[in-house]
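>>> Sequence and predicted structure, then a few things I'm wondering about:
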Amino acid sequence: MIIAFIQRAIVQGIPLLFGSTGEILTEKSGNLNLGTAGVMYVGGISGVIGAFLYESSVETVNPVLAVLIPILACILGSLLMGLIYSFLTVTLRANQNVTGLALTTFGVGVGNFFGGSLIKLTDSDLPSITLTQTSNCFKTTIPFADKLGWFGDIFLTYSFLAYVAIAVALAVSFWFNRTRSGLSLRAVGENPATADAAGISVSKYKYLSTCVGSIIAGFGGLYYVMDYACGIWSNDAFGDRGWLAIALVIFAIWRPNMSIIGSIVFGGLLIVHNYIPGLSFSGQELFKMAPYVVTILVLIVISMRQKRENQPPASLGLSYFREER
Amino acid sequence: MGAQAAIELKNITKTFGSVVANKNVSLTVNRGEILSILGENGSGKTTLMNMISGIYFPDHGHILIDGKEVVIRSPRDAFEYKIGMIHQHFKLVDVFSAAENIVLGLEEKGKFNVKKSAEKIRRISEQYGFELDPKKKIYEMSVSEKQTVEIIKVLYRGADILILDEPTAVLTPQETQKLFAILRRMRDDGKAIIIITHKLQEVLALSNRVAVLRKGEYIGTVNTAETTELQLTEMMVGQKVDLNIGRSEPKDPQDRLEVKNISCINRDGVKLLDDISFTVRSGEILGIAGIAGSGQRELLESIAGLQHLNQGEILYHNPKTGKTDNLRDKTPIQIRDMGVRLSFVPEDRLGMGLVGNMDIVDNMMLRSYRKGKTAFLERKKPKDLAKKIIEELNVVTPDANTPVRRLSGGNVQKVLVGREIAASPTVLMVAYPVRGLDINSSYLIYNLLNEQKENGVAVIFVGEDLDVLVELCDRIMVVSSGRISGTVDARNTTKEEIGFLMTKNNGGDGNE
């Protein structure tokens, strides 16, 4: 049962890991993108649209195309969201909080609109779209995984996107700390004036990290539909995972490698109520608050310890003007 | 001469709008020498250097490096010509280590390797005698260590023309000595060094030659060995200019405000105010002169109840009740409730004085809204007051409901001064009230201050233009590094005397 719990926790955690890695990348450039929830939602529905169009246009699906098309659609959709955000906040210097919140509302609206339209097209009795074929392609696992006992069960039974999530988190972490451009990006988020004086293009870094961050976050939505939900899209089923991803950024104190562990912890906290016998309905709801409570505790602890490395990027949420006298 | 010119400036002119910051400045810096650029606040020293380092672009004139004419359009260009400027305000990322800050933005060949950079930093440190741990984070550093990082940053990039903008302003005397030793070593290494300062002793101790600027104009260059403090002061302050500001004799002056031994220490342990005592009398204008940042702001703010003091007291003699109150560590509201009619025109007009997004009427109300008796705001009186100020002070504005931030600097100042005077104060404090104002507005403000003085108000005037201070004030107190370096009678003083007091270092151990 413990093995099953860990497996479920990881599966729950992967969308959050994508979301938080993308958001960390964005926030390190000083852009606080509260639109992550919307970006992930759009990433999910874009993948669904791509898969739906492909599935309905062919008799039997080609597994490679069935994976590639939704991925491309997802990249396109979330990139667009990232571009909207960057254009508004970097070029037009709009307020980041307002823009982010608007983007969340917008993203969820777009998702529900297309989701609803597709459901109408299928003439289905249920309020959902089922893309089993695509989902099966996404869920292909390593064939010999179940022959390796508990080790295989815990580490090898996931679909490829889960490993991509972890690889991306590790790569971003490495990039931050071990490369020249990673250093430049962190400088932009900490002190854009200094970065500017050092000849670093602040706008370029902000745009790039926000757009790439959005794409990564969009994958969270894609993983959720194709993998976690077995290819079944229904409106608003995604829930508040976008906000959980943002909470996870804080929990991981802006470190993608920490957010790998954090995502599993969050995933576990999300489902732990299923494993406690005799919980009433209200008790279950109480347990669902656990990730947020933990995040608040982490915030309290890092504020009390006041270690400068654990603080958010110093210019997070601020637009940069090159001062001119 | 035989010396090789590193940089030559020819007839450089720079204007900002109608303000001339530099006018026909020509000067030369040789390799292997330290040139000091000396001048009062606003004499255009920093502007001139910013043109060499690529922050501003000159309107006229030429810059020659090693005899060849160059165009410097950005800090990057300046770096190409091996010019490095160390600004007064450091540009460093707090959570990065020294090494990370130094290599930031550099495009070196090969793999990114902090260790290798740290090695190079150590070599530079050893060569010139810096003490720096490349792994130390900036937020753990003292001001002098941060400055070291900035200097190494430009050396790391291969700069051989170094410009330091008031490098000693934030250093203790010991740190200053260390810095000077390093600068001398760099000079002997063949680098050209320009140092902006207004401390005469440092100029004499360090530089080979001194170039003097006054009000944007180049006055001349002298060899340090052949000059005296007196000559430099004269060059710096110039001939006396007659401004014809009317000044009446103080009538029946009485002690109004007594400041006794106040001291104030900031978070870094630096003394911003050091044992300051003086008296302000009614019917008199007390001028406060000093290099910017010598403690003027803290002094006014501690009287206004905005600055926590570590020591001393501020006594107010109430002319109505005849009582004496201590204002130390009281909030502005407590001070007002004690019946002290104190008006304060801070130097930061739109930050501390007025709310930029609110209109003139609302800004008037900021001072009076507590007087209302009902829960609703009373708008009639502030509106009348706003109209009165607009009319009497010729404030140029479409109407009283225009947001203050849309007015020009001079009109903003008129609104602020008008409001503060309308409160009929017994003590009026003004900081740099004519900064950025044209001649007519300036005279209007001087007349207003004189009027207040004749009405028996005790006026404290913090100013930067010595000509104005000498003609407007009755007494002038000079501050330097948070201490009083002298108080003079404005009627019998010279600009040289004040200039000398301003640059006096007070024995030099202000940090202990």
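Received the coordinates, thanks.
>>> For the rest of this, base every contact and every neighbour count on C-alpha atoms.
Will do.
>>> Next, residue B:11: phi, psi?
The phi/psi pair for residue B:11 (degrees, to the nearest 10) reads phi 50, psi 50.
>>> Residue B:485 is in what secondary structure piece?
Using DSSP states H and E, the element containing residue B:485 is strand B:483-489.
>>> for that strand, packing partners?
Packing partners of strand B:483-489 (3 or more CA pairs under 8 Å, 6 or more residues apart in numbering or on different chains; DSSP states H and E): strand B:271-281, strand B:475-480, helix B:495-503.
>>> Next, the buried residues of that strand.
Judged by neighbour count using 16 or more other CA atoms under 10 Å in any protein chain shown, the buried positions of strand B:483-489 are B:483-488.
>>> for chain B, what are the nearby residues on the stretch 201-325 of chain A?
In this structure, the stretch 201-325 of chain A approaches chain B at residues A:308-309, judged by CA under 8 Å from any CA of the partner chain.
>>> In the stretch 201-325 of chain A, mark out all the helices, start to finish.
Using DSSP state H, counting those that start in this stretch, the helices of the stretch 201-325 of chain A run over residues A:202-223, A:241-251, A:256-271, A:281-288, A:290-305.
>>> Just give me the closest of the buried residues of strand B:483-489 to chain A.
Among these, residue B:483 lies closest to chain A (CA to the nearest CA), at 31.4 Å.
>>> could I get the helices of the stretch 201-325 of chain A as a markdown table with mean pLDDT?
Putting the helices of the stretch 201-325 of chain A into a markdown table (pLDDT from 0 to 100) gives the following:
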| stretch | mean pLDDT |
| --- | --- |
| helix A:202-223 | 96 |
| helix A:241-251 | 91 |
| helix A:256-271 | 92 |
| helix A:281-288 | 84 |
| helix A:290-305 | 84 |
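>>> Tabulate the ones you listed in a markdown table, adding columns for mean neighbour count and distance to residue B:381.
Listed next are these as a markdown table, based on neighbours: other CA atoms under 10 Å in any protein chain shown; distance: least, CA to CA, whole Å:
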| stretch | mean neighbour count | distance to residue B:381 |
| --- | --- | --- |
| helix A:202-223 | 27 | 49 |
| helix A:241-251 | 26 | 50 |
| helix A:256-271 | 23 | 59 |
| helix A:281-288 | 13 | 56 |
| helix A:290-305 | 15 | 47 |
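>>> Give the buried residues for stretch A:117-127.
Residues of stretch A:117-127 classed as buried under the neighbour-count rule (16+ other CA under 10 Å) are A:118-119.
>>> Would you pull up the residue in the stretch 151-300 of chain B closest to chain A?
Counting by CA to the nearest CA, the stretch 151-300 of chain B gets nearest chain A through residue B:153, at 10.2 Å.
>>> tell me which residues of the strand or helix carrying that residue are tucked away?
Element membership for residue B:153 (DSSP H and E) is helix B:143-156. Neighbour counts using 16+ other CA under 10 Å place B:143-156 of helix B:143-156 among the buried residues.
>>> before we move on, the earlier item: so which of the helices of the stretch 201-325 of chain A comes closest to residue B:26?
Of all these, it is helix A:202-223 that lies closest to residue B:26, at 35.6 Å by CA to CA.
>>> neighbouring contacts of the strand holding residue B:485?
By CA atoms under 8 Å, 6 or more residues apart in numbering or on different chains, the residues outside strand B:483-489 that reach it are B:273-276, B:294-295, B:474-479, B:501-502, B:504, B:506.
>>> what about that strand, average pLDDT?
On average, the pLDDT along strand B:483-489 is 91.
>>> Determine which stretch of the helices and strands packed on strand B:483-489 is the most buried.
Sort these by mean neighbour count, taking mean count of other CA atoms under 10 Å in any protein chain shown, and strand B:475-480 sits at the top with a mean of 25.
>>> just the angle between that one and helix B:495-503, please?
Here strand B:475-480 runs at an angle of 40 degrees relative to helix B:495-503 (axes from the mean of the first three to the mean of the last three CA atoms, to 10 degrees).
>>> Contacts only, for the residue in the stretch 1-150 of chain A that chain B sits nearest to.
Using CA to the nearest CA, the closest approach of the stretch 1-150 of chain A to chain B is made by residue A:28 at 12.7 Å. Going by CA under 8 Å, 6+ apart, residue A:28 touches A:185-186, A:188-190, A:254, A:313, A:316.
>>> any idea how far residue B:253 is from the residue nearest the centre of chain B?
Chain B has residue B:292 as the residue nearest its centroid, 2.8 Å off, counting by CA atoms, centre = their mean. For residue B:292, the distance to residue B:253 equals 29 Å [CA to CA, to the nearest Å].
>>> go on, residue A:1?
Computed as CA to CA, the residue A:1 to residue B:253 distance reads 91 Å.
>>> who has more neighbours, those two?
It is residue B:253, of residue A:1 and residue B:253, that has more neighbours when counted by other CA atoms under 10 Å in any protein chain shown, with 15 against 7.
>>> Given the strand holding residue B:485, what are its sheet partners and their directions?
According to DSSP bridges, strand B:483-489 has the following sheet partners: strand B:475-480 (antiparallel).
>>> quick check, distance from the strand it pairs with to the centre of its chain.
Computed by CA atoms, centre = their mean, to the nearest Å, the chain-centroid distance of strand B:475-480 equals 15 Å.
>>> what packs against the strand or helix carrying residue A:151?
Element membership for residue A:151 (DSSP H and E) is helix A:149-155. When contacts are defined as 3+ CA pairs under 8 Å, 6+ apart, helix A:149-155 packs onto helix A:2-27.
>>> Give me the buried stretch members for the helix it packs on, please.
For helix A:2-27, a neighbour-count test (16+ other CA under 10 Å) marks A:5-27 as buried.
>>> same deal with stretch B:287-306?
Here stretch B:287-306 shows B:287-292, B:294-306 as buried, counting by 16+ other CA under 10 Å.
>>> of those residues, list those near chain A.
Contacts with chain A are made by none of those, judged by CA under 8 Å from any CA.
>>> In strands only, show me the residues you listed.
Here DSSP state E is the test, and these give B:287-289 as lying in strands.
>>> related to what we said a few turns ago, among the helices and strands packed on strand B:483-489, show the one with the smallest mean pLDDT.
Ranked by mean pLDDT, the helices and strands packed on strand B:483-489 end with helix B:495-503 at the bottom, a mean of 84.
>>> Export that helix to PDB, keeping only CA atoms.
This file holds the C-alpha atoms of helix B:495-503, laid out as PDB (Å, rounded to 0.1, in the frame of the first residue of the first chain):
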ATOM      1  CA  LYS B 495      32.200  82.400   0.500                       C
ATOM      2  CA  GLU B 496      35.800  81.300   1.000                       C
ATOM      3  CA  GLU B 497      35.400  81.000   4.700                       C
ATOM      4  CA  ILE B 498      32.200  78.900   4.300                       C
ATOM      5  CA  GLY B 499      33.700  76.800   1.500                       C
ATOM      6  CA  PHE B 500      36.700  76.100   3.800                       C
ATOM      7  CA  LEU B 501      34.500  75.000   6.700                       C
ATOM      8  CA  MET B 502      32.400  72.800   4.400                       C
ATOM      9  CA  THR B 503      35.400  70.800   3.300                       C
END
